[in-house]
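>>> Show me the folded form of this:
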Amino acid sequence: MVGSACFAFGALPPFAAWVGATADGVTYFVGSLFFTAAALLQVLLSAGVIKADERPRAGVSWRSRVRAPDRPEWWAGIVQFVGTLWFNLSTFAALNHSLTAAEQAQKVWTPDFRGSIAFLIASGLAFADVRRPWLRWRPRNLGWSVAMLNMVGSIGFGVSAVAAYAVPATGDVVSMRWDTLGTFLGALCFFFGALLLIPDEVPAGPASTSTSGPEESN
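Predicted coordinates:
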């Protein structure tokens, strides 16, 4: 949620004008670090290092299964984690305002584009893991809603990455409007997707535990 909020604020032109280009860039970079931390936790959860039904500190078991290639959520976590590392590189490089157009394309846009592709792949894997994801509109289903929000958010980041491409002949980006809008809307989707996970992380009492079943996780 913190990482998404940083990207959402960073994409707002009034915020960038208020804090300045350097602080706006730092906001993006800090947000990318939170994205990486969250993605790492997701990898640990999907690999079984952290038990989903226990609090993180009590549930860590580094000798547990750490590879689960037969599980889509494991692949989604790995790919998303790699994507966040690309965002780390991109947002850090963007702090250097003396880069030439060619250097910006190589050090800022390329890792940003790769990170956006990784997010799209990860969201697709996670969405496909939801039971019958495309057949019904299920906004009251927690798993479906989170997967849908993450998918739409990844599409938004993908649109932003394409729109941020600088045309070699002129040095101008394809569309500054879509670059900003894609980042802002994508960040909002990720924010609300993370927000919906909070009730799911509250330890269940005896009554709720006895009535829950495996079907509800989908």
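
>>> what sits against Ala93?
Residues in contact with Ala93 (CB atoms under 8 Å, 6 or more residues apart in numbering) are 99, 104, 107-108, 111. C-beta coordinates here come from the backbone N, C-alpha and C atoms, glycine included.

>>> so where's the chain shaky on pLDDT?
Low-confidence segments of the chain, defined by pLDDT under 70, span residues 48-72, 129-141, 199-218.

>>> how about 80 then?
Residues of the chain meeting the criterion pLDDT under 80: 45-74, 126-144, 167-171, 197-218.

>>> quick one, helices of it?
Defined through DSSP state H, the helices belonging to the chain, from first to last, are 2-11, 13-19, 21-47, 56-59, 72-93, 101-104, 110-128, 142-163, 176-201, 206-211.

>>> of those helices, which approaches Ala169 most closely?
Across those, the minimum distance to Ala169, taken as CB to CB, is reached by helix 101-104, at 10.5 Å.

>>> In terms of secondary structure, what does that closest one contact?
Using 3 or more CB pairs under 8 Å, 6 or more residues apart in numbering; DSSP states H and E, no helix or strand is in contact with helix 101-104.

>>> what comes up buried for it?
Of the residues in helix 101-104, those buried under the neighbour-count criterion (16 or more other CB atoms under 10 Å) are Gln104.

>>> now what about it, what contacts it?
The set of residues external to helix 101-104 that reach it, using CB under 8 Å, 6+ apart, is 93-94, 166, 168, 171.

>>> Just give me how far that helix sits from the chain centre.
Relative to the centre of its chain, helix 101-104 is centred 25 Å away, using CA atoms, centre = their mean, to the nearest Å.

>>> For it, C-alpha coordinates in CSV please.
The C-alpha trace of helix 101-104 is given here as CSV (Å, rounded to 0.1, in the frame of the first residue of the first chain):
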residue,chain,number,x,y,z
ALA,A,101,18.2,10.9,-24.2
ALA,A,102,20.1,7.7,-25.1
GLU,A,103,21.1,7.0,-21.5
GLN,A,104,17.5,7.7,-20.3
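
>>> Tell me how many other residues surround Leu89.
17 (other CB atoms under 10 Å).

>>> let me fix that: Gly124
Other residues near Gly124 come to 18 when the count uses other CB under 10 Å.

>>> Ala118 too?
The number of residues packed around Ala118, counting by other CB under 10 Å, is 23.

>>> Verify the contact between it and Ile78 for me.
No. If you go by CB atoms under 8 Å, Ala118 and Ile78 don't touch, sitting 9.6 Å apart.

>>> rewinding a little: give me the buried subset of the contacts of helix 101-104.
Burial of the contacts of helix 101-104 was assessed by neighbour count (16+ other CB under 10 Å); the buried members are 93-94, 166.

>>> Enumerate every residue touching the residue lying closest to Thr110 once chain neighbours are set aside.
With CB to CB, 6 or more residues apart in numbering as the measure, Ser90 is the residue that lies nearest to Thr110, at 8.0 Å, once sequence neighbours are left out. Residues near Ser90 by CB under 8 Å, 6+ apart: 32, 107-112, 115.

>>> same deal with Pro13?
So, once contact is read as CB under 8 Å, 6+ apart, Pro13 ends up touching Thr180.

>>> rerun that using 6 Å as the cut-off
Taking CB atoms under 6 Å, 6 or more residues apart in numbering as the contact definition, Pro13 lies against nothing.
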